[in-house]
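**Student:** what shape does this take:
(one chain, ligands or ions: 1)
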Amino acid sequence: MTDHSLSRTDVKLSFWHRLSWRWQRFGNTSSANSAAASTVISTGQCSTHRQNQPEAVTLRLHCTVKRGDFCLQLNDTLPLKGITALFGRSGCGKTSLLRAIAGLDRHASAHIRFGSTSWQQDSYFLPVHQRRIGMVFQESSLLPHLSVQQNLLYGYQRLSARQPISLKPEQVIALLELTPLLSQRPEQLSGGQRQRVALGRALLSQPQLLLLDEPLASLDQQSRNDILPFLQRIACETGIPMLLVSHQLDDVVKLADQLVLMQHGRIHSQGPLPQQLLRPELAASGALSLLHASYSASKAHLLTLSIGQQQLQLPAPQFTQPNYRLRIQARDVALSTKPIQDSSVSNQLTVTITGFHPAPHPAETLVQLDLAGQPLQALLTQQSVERLGLQVGQQVYAQIKAVALD
Ligand SMILES: Nc1ncnc2c1ncn2[C@@H]1O[C@H](COP(=O)(O)OP(=O)(O)OP(=O)(O)O)[C@@H](O)[C@H]1O
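**Tutor:** Model (predicted):
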């Protein structure tokens, strides 16, 4: 919770005394990769940067659909690579957009092109089963009378003989660790396990694109945390682009590479997640930043990470990896105009102020910062901004009090 009654700098000393590093890792990356690497095209340690993925595929959307007061109005090009999150308020049109892309709804005026293939234009309409899309919804909709294995193979066995197979059942079963579940029926599975099977079934349809409409929404927090590494793993290991609808900014920040913000039936903005997180529209969901850092050293239970020429230390996780995504809440960043020596906060990084945005609370301001080319934001009271005389272009020192690790 944000403490609105005190300025950030006024409370920073007490913060430092109860400094706590929060970190989470989603699954055991080493075992995750080793389980799948032998069978599925491996892109190596891409769980955080996914830099080895194929080039982005362009999804071109043009359509105007009216439904009572609601109008879905699109004239956009989405470069899809890795995980693209579709985020916006309830009723803004996320599901309508996904359904139009899939061809589940046929809108007369729509033009939809995926890469070089037209899916819809004028009177031409490619039906959903020919678009090579894998879909997973909030409810897994597995066939209840079939075992997990039969559910997985249901669509696979019905693929056309001309369909190129890039993902075989054994690869998908290894990727999603489904072996112990194969003989079970859907009703014997937890919600998270059902969604894993649904993901497996979608992958076995040999998709070029995965559309995921709130696949985690019906799961409790533990099940969500259990399934997140599998989504990361799919993005890593298969290179299939995913369009993911989620209401949870936290999930989006753990998973996504790109963020598409929707408002009132339109795509309001799109771009790489770290830059999109600076959008004032997202501040109400809890302003935070995503930093990419690389492994530097691990010693005495401390992990040292590099961001540009600067370093950051935190308690070492059980397994290390070359690259990390760091989630930093804006409220966990304090600023000073001079380096602070006598502090328990060891992570003090030099940053440059790039702008100021209003925060949801009128007494506070979001200070936008540049850290070695990466955006970072700090939530300060307006009073502190004025007291410190902060200005755009100024070099200041960011004391980072808590980091969550992916
Ligand atoms: N079949 C339909 N007929 C009429 N209106 C519809 C239909 N489907 C959706 N709508 C309306 O279209 C608007 C957008 O709905 P949509 O489900 O796409 O939003 P959403 O962003 O996915 O919402 P949520 O996050 O709550 O799932 C809403 O106002 C909804 O009431």
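**Student:** got the phi and psi for the closest residue to the ligand within the stretch 301-406 of the chain?
**Tutor:** Proximity to the ligand, evaluated over the stretch 301-406 of the chain using CB to the nearest ligand atom, is greatest for Pro360 at 20.4 Å. Bear in mind the C-beta positions are built from the backbone N, C-alpha and C, glycine included. With angles defined as degrees, to the nearest 10, Pro360 sits at phi -60, psi -40.
**Student:** skip the chain neighbours and tell me the closest residue to it.
**Tutor:** Among residues not flanking Pro360 along the chain, Ala284 sits closest, at 5.0 Å (CB to CB, 6 or more residues apart in numbering).
**Student:** what about that neighbour, neighbour count?
**Tutor:** By other CB atoms under 10 Å, 11 other residues sit near Ala284.
**Student:** repeat that for Thr58.
**Tutor:** Look at Thr58: counted by other CB under 10 Å, it has 14 neighbours.
**Student:** helices or strands up against the host helix or strand of it?
**Tutor:** In this assignment (DSSP states H and E), Thr58 forms part of strand 57-67. Packing contacts for strand 57-67, counted by 3 or more CB pairs under 8 Å, 6 or more residues apart in numbering; DSSP states H and E, involve strand 70-80, helix 94-102, strand 111-114.
**Student:** packed most tightly, which of these would that be?
**Tutor:** helix 94-102 (a mean of 22; mean count of other CB atoms under 10 Å).
**Student:** ok, and for the host helix or strand of Glu386, which residues are buried?
**Tutor:** Counting by DSSP H and E, the element that carries Glu386 is helix 382-388. For helix 382-388, the neighbour count (16 or more other CB atoms under 10 Å) marks Gln382, Gln383, Ser384, Val385, Leu388 as buried.
**Student:** and these near the ligand, which?
**Tutor:** For the ligand, no contacts are drawn from the buried residues of helix 382-388 by CB under 6 Å from any ligand atom.
**Student:** ok, of these, which one's closest to Ala404?
**Tutor:** Ser384 (24.2 Å; CB to CB).
**Student:** tell me where the model's unsure across the stretch 301-406 of the chain.
**Tutor:** Applying pLDDT under 70 to the stretch 301-406 of the chain flags no residue at all.
**Student:** quick one: the strands in the stretch 101-250 of the chain?
**Tutor:** Here the stretch 101-250 of the chain has its strands, by DSSP state E, counting those that start in this stretch, at 111-114, 117-121, 124-125, 133-136, 209-213, 242-245.
**Student:** what angle separates the strand holding Thr58 from helix 94-102?
**Tutor:** 120 degrees (axes from the mean of the first three to the mean of the last three CA atoms, to 10 degrees).
**Student:** change the start of the numbering to 8 and stick with it
**Tutor:** Sure, I'll start counting at 8 from here, so that last one is strand 64-74.
**Student:** other residues contacting strand 64-74?
**Tutor:** Strand 64-74 has contacts (CB atoms under 8 Å, 6 or more residues apart in numbering) with 78-88, 103-104, 107-108, 112, 114, 116-122, 215-216, 248, 250.
**Student:** also within reach of the ligand: list those from those.
**Tutor:** Filtered for proximity to the ligand (CB under 6 Å from any ligand atom), the contacts of strand 64-74 shrink to Ser103.
**Student:** and the residue nearest the centre of this structure?
**Tutor:** Compute the mean C-alpha point of the chain, and by CA atoms, centre = their mean the closest residue is Ala263, 2.1 Å away.
**Student:** look up how far Ser103 lies from it.
**Tutor:** 20 Å (CB to CB, to the nearest Å).
**Student:** go on, Val155?
**Tutor:** Distance from Val155 to Ser103, counting by CB to CB: 32 Å.
**Student:** please apply the same query to Gly396.
**Tutor:** Look at Gly396 and Ser103: by CB to CB, they are 48 Å apart.
**Student:** ok, Val260 next?
**Tutor:** Taken as CB to CB, the span from Val260 to Ser103 is 24 Å.
**Student:** closest one to Leu206 among the helices and strands packed on strand 64-74?
**Tutor:** helix 101-109 (15.9 Å).
**Student:** show me the contacts for Pro281.
**Tutor:** Counted by CB under 8 Å, 6+ apart, Pro281 has contacts Ser296, Leu297, Leu298, His299, Gln381, Pro382.
**Student:** would you reformat these as a markdown table and include neighbour count?
**Tutor:** Shown next, in a markdown table, are the contacts of Pro281 (neighbours: other CB atoms under 10 Å):
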| residue | neighbour count |
| --- | --- |
| Ser296 | 25 |
| Leu297 | 24 |
| Leu298 | 21 |
| His299 | 16 |
| Gln381 | 18 |
| Pro382 | 20 |
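**Student:** the residues you listed in helices, which ones?
**Tutor:** Judged by DSSP state H, helices contain none of these.
**Student:** in TSV: these, plus distance to the ligand.
**Tutor:** TSV is the format used below for the contacts of Pro281 (distance: CB to the nearest ligand atom, whole Å):
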residue	distance to the ligand
Ser296	25
Leu297	23
Leu298	29
His299	29
Gln381	30
Pro382	26
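**Student:** assign a three-state SS to the residue in the chain sticking out farthest from the centre, would you?
**Tutor:** Most distant from the centre of the chain: Asp349, at 36.8 Å, with distances by CA atoms, centre = their mean. Put simply, Asp349 is coil when judged by DSSP: H, G, I helix; E, B strand; the rest coil.
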